[in-house]
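*Asks:* just need the structure, nothing else, for what follows:
(2 chains)
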Amino acid sequence: EAQVTQNPRYLITVTGKKLTVTCSQNMNHEYMSWYRQDPGLGLRQIYYSMNVEVTDKGDVPEGYKVSRKEKRNFPLILESPSPNQTSLYFCASSWDRGMNTEAFFGQGTRLTVV
Amino acid sequence: GESVGLHLPTLSVQEGDNSIINCAYSNSASDYFIWYKQESGKGPQFIIDIRSNMDKRQGQRVTVLLNKTVKHLSLQIAATQPGDSAVYFCAENGSGNTGKLIFGQGTTLQVKP
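*Replies:* A predicted model of the protein is given here:
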């Protein structure tokens, strides 16, 4: 089954404790991205990757890092989480960044930073 | 019932009626548009897409209309069912060819039995 898998689904952590949210897709997609979803602000892109070893900032990259060492995986790293990073996070993938940019989304990771 | 006009955060319809969800997009350079459905506790799910060289596209029970003149997008759902209850987002690809999708605020569709 074609899917984007995120882990964990739920996470509560303390301020400053490094964490990683994993994302994996099995569709051989080149393009992957991370979004955060907040009430009243909708979905906003954090980082994206056009292919292996190619990553770039989205609209709200501050406080986040990503890596793309393999095509299928695109982890989101919070080196020193803060309460304002409490949010619902989605990983997405698509074939490429061109016209056909239908994105497939993971189930989401609800992060709470206390 | 149907609702036309400006974007509404919540739309309530009777089961079996048709629904129309509206979206005003922001970037005149956008040439690709998608409607997503998000059910509670799940990620956005693709419903239908349309390119800027079209003004209408139909799927199963859904139709998307694009009016580039006024930068307006709508999603029509025929014979709305309880399973259609969700938040619906429109998304555009914007300019810059980065692959980023720009999402609207979303409309919550409530289907009354």
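*Asks:* the strands in chain A, which residues?
*Replies:* For chain A, the strands defined by DSSP state E cover A:4-7, A:10-13, A:19-25, A:31-38, A:42-51, A:54-57, A:65-66, A:76-78, A:87-94, A:104-105, A:109-113.
*Asks:* list the buried residues of the longest one.
*Replies:* Meaning strand A:42-51. A:Gly42, A:Leu43, A:Arg44, A:Gln45, A:Ile46, A:Tyr47, A:Tyr48, A:Ser49, A:Met50 (16 or more other CB atoms under 10 Å in any protein chain shown). Quick note: C-beta positions are derived from backbone N, CA and C, even for glycine.
*Asks:* out of those residues, which is nearest to B:Leu11?
*Replies:* Closest to B:Leu11 out of the buried residues of strand A:42-51 is A:Gly42 (17.0 Å), distances taken as CB to CB.
*Asks:* who touches that closest one in this structure?
*Replies:* Residues in contact with A:Gly42 (CB atoms under 8 Å, 6 or more residues apart in numbering or on different chains) are B:Phe89, B:Phe103, B:Gly104, B:Gln105, B:Gly106.
*Asks:* if you set the cut-off to 7 Å instead, what comes out?
*Replies:* B:Phe103, B:Gly104, B:Gln105, B:Gly106 (CB atoms under 7 Å, 6 or more residues apart in numbering or on different chains).
*Asks:* redo those as TSV? Include neighbour count and distance to A:Ser82.
*Replies:* Shown next, in TSV, are those (neighbours: other CB atoms under 10 Å in any protein chain shown; distance: CB to CB, whole Å):
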residue	neighbour count	distance to A:Ser82
B:Phe103	21	24
B:Gly104	22	28
B:Gln105	15	25
B:Gly106	22	26
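*Asks:* out of the residues you listed, which are inside strands?
*Replies:* B:Phe103.
*Asks:* keep only the contacts of A:Gly42 that also lie close to chain A.
*Replies:* B:Phe103, B:Gly104, B:Gln105, B:Gly106 (CB under 7 Å from any CB of the partner chain).
*Asks:* quick one: pLDDT of the first one?
*Replies:* Spelled out, it's B:Phe103. B:Phe103 is assigned a pLDDT of 88 by the prediction.
*Asks:* return the member of the contacts of A:Gly42 nearest to chain A.
*Replies:* B:Phe103 (4.2 Å; CB to the nearest CB).
*Asks:* the closest one against A:Leu43, yeah?
*Replies:* Yes. The criterion here is CB atoms under 7 Å, and B:Phe103 meets it with A:Leu43 at 4.2 Å.
*Asks:* give me the number of residues near residue 112?
*Replies:* Just so you know, I chose chain A. The number of residues packed near A:Thr112 is 13, by other CB atoms under 10 Å in any protein chain shown.
*Asks:* oops, chain B please
*Replies:* 11.
*Asks:* now swap in A:Ala92 and tell me
*Replies:* Neighbourhood size, A:Ala92 [other CB under 10 Å]: 27.
*Asks:* beta partners for it?
*Replies:* Counting by DSSP bridges, A:Ala92 forms beta bridges with A:Ser33, A:Phe105.
*Asks:* then B:Phe103?
*Replies:* Beta-bridge partners of B:Phe103, as defined by DSSP bridges: B:Ala91.
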